[in-house]
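>>> Pasting a predicted model and its sequence here:
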Amino acid sequence: MKQLQLAFIAIFFLFSACAQEPNNELNSINTEEKVVLGPIDLNSYLSDRPDLAKKVDSVFNTLSDTSKIAQLIMPAAGRLGHSEERIQYLIDHNLIGGLLLLNGTKQQFSQWVTEYNQRSENLGQLPFLYSADAEPSLVNRKITGSKTVKKAREITSEEEVVEVTKSISNDLNEIGINYNFAPVTDQAKNKTVGYRGFGTDPKNIVPYSNAFIQQTQAQNIIATAKHFPGHGLVSGDTHKSLQVINGELKEIKYYPPLIESGVLSIMVGHLAVQNNKKYNTNGLPSTISPVIIKDLLRDSLGFEGLVVTDAMGMGGVVKIPNADVKAVAAGCDIILMPKDAEKAHQSILKEYQSNNSFKQTVDQSVKRIVRMKICLGLIE
């Protein structure tokens, strides 16, 4: 009888302890293994360092499924983005891993970064990636109060590229933005994107873009070459509708030297490819095409950095059902400006928990993002 009483007491305490444990499913599931990490910076991302790989695994293993999927989602805040209340909701429910600061003042963006960092830190979430379209031709319109710089078409030397990039990066660092969706590496024939890059004279695209990338990353900000596989020679605007590259991918040649030099992010455009035996996308935008992202960008060109979609609310992709899930399945690491961030998270999470192949793809994306956050110094 005494043994039976003891058994009941033990069971009572067991259930009491379980009831008192906090529900950490939203944020983490395990305590992080302590990993001693040597000196690190953005240059370390592409290195083959066992201590960095171990640190990535250690952080990854603490994340719940909800937290993993959150890393992939990057909505916008600002005049053209969500309200503060909506962003707070997305943070409080652990649905996002970063924010695009889109059209606002330098002062306002700085306040938001401080506020949202504190909010996410209090919830035990991983630090955010904060991004901007801080191209030379757009930055002064996108970030009011930023130092005036020459537009891309006005720049005439690599030295001027470096000078402009330093100024832009100084502003971004003062705000707390660590991810720049620039430079534009497209040729200048397209009216929508042509004025935004260095492609007025195609021979300048690689050296000028590389100077921009190297200076940006030297100032601890991720640089992004865009719009893969090339937006400069199509006639229309992917903001309005899907655009088609017919035949040869003539602008691909600009990417290998930039990848070789260490660009850490590439943005994929909503561009279909037709009449191309090897890289035909069958009428779909490149953002949801594994042929373009996995076969071409990853396998053929050897790119190991972050692949980010162009904005998923644009006309070139927005009408495609389940496009967010398809973009992740195709190999995109970050879903930029999904039409509905909460629904995107739900859809990706559902697929993650029911499809093992998809799960493996997501896990690799999350590890790339975690690795980048470590190399930025966001995760110690």
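Looks like it came in fine.

>>> Name the surrounding residues that touch the helix or strand hosting I168.
If you go by DSSP states H and E, I168 is part of helix 158-175. Contact with helix 158-175 is made by 101, 106, 109-110, 113, 130, 132, 134, 136, 139, 143, 146-147, 149-150, 155, 178, 180, 182, 198, 207-208, 211-212, 215-216, 219-221, as judged by C-beta atoms under 8 Å, 6 or more residues apart in numbering. Every residue, glycine included, has its C-beta placed from N, CA and C.

>>> centre of the chain versus it, how much separation?
21 Å (C-alpha atoms, centre = their mean, to the nearest Å).

>>> same deal with stretch 104-117?
Stretch 104-117 sits 19 Å away from the centroid of its parent chain (C-alpha atoms, centre = their mean).

>>> ok, now stretch 270-289?
22 Å.

>>> in it, what counts as buried?
270-273, 279, 281, 284-289 (16 or more other C-beta atoms under 10 Å).

>>> Now intersect the residues you listed with the strands, please.
Members of the buried residues of stretch 270-289 lying in strands (criterion: DSSP state E): 271-273.

>>> Buried ones in stretch 66-82, by neighbour count?
66-78, 81-82.

>>> do the same with stretch 124-142
Those would be 125-140, 142, for stretch 124-142 by 16+ other C-beta under 10 Å.

>>> Then stretch 301-314?
301, 303, 305-314.

>>> same question, stretch 312-327
Applying 16+ other C-beta under 10 Å to stretch 312-327 flags 312-314, 316-317, 320, 323-327 as buried.

>>> where's the dip in pLDDT among those?
Confidence by pLDDT is poorest for G316 among the buried residues of stretch 312-327, given 85.

>>> Need the max-distance pair from the buried residues of stretch 66-82.
K68 and G78 (26.4 Å; C-beta to C-beta).

>>> quick one: which of the buried residues of stretch 301-314 is nearest G262?
Nearest to G262 among the buried residues of stretch 301-314, with distances taken as C-beta to C-beta, is G305, at 8.5 Å.

>>> Quick check: that closest one touching L264?
Yes: in this structure, G305 is within contact of L264 by C-beta atoms under 8 Å, at 4.2 Å.

>>> Run through the stretch 101-250 of the chain and note the low-pLDDT ranges.
Along the stretch 101-250 of the chain, segments meeting pLDDT under 70 span 190, 194.

>>> need the helices for it, in chain order.
106-122, 139-142, 158-175, 205-218 (DSSP state H, counting those that start in this stretch).

>>> rewinding a little: tell me which residues of the helix holding I168 come out buried.
By 16+ other C-beta under 10 Å, the buried positions in helix 158-175 come out as 158, 160-169, 171-172, 175.

>>> Then stretch 224-243?
Buried, per 16+ other C-beta under 10 Å, within stretch 224-243: 224-234, 236-238, 242-243.
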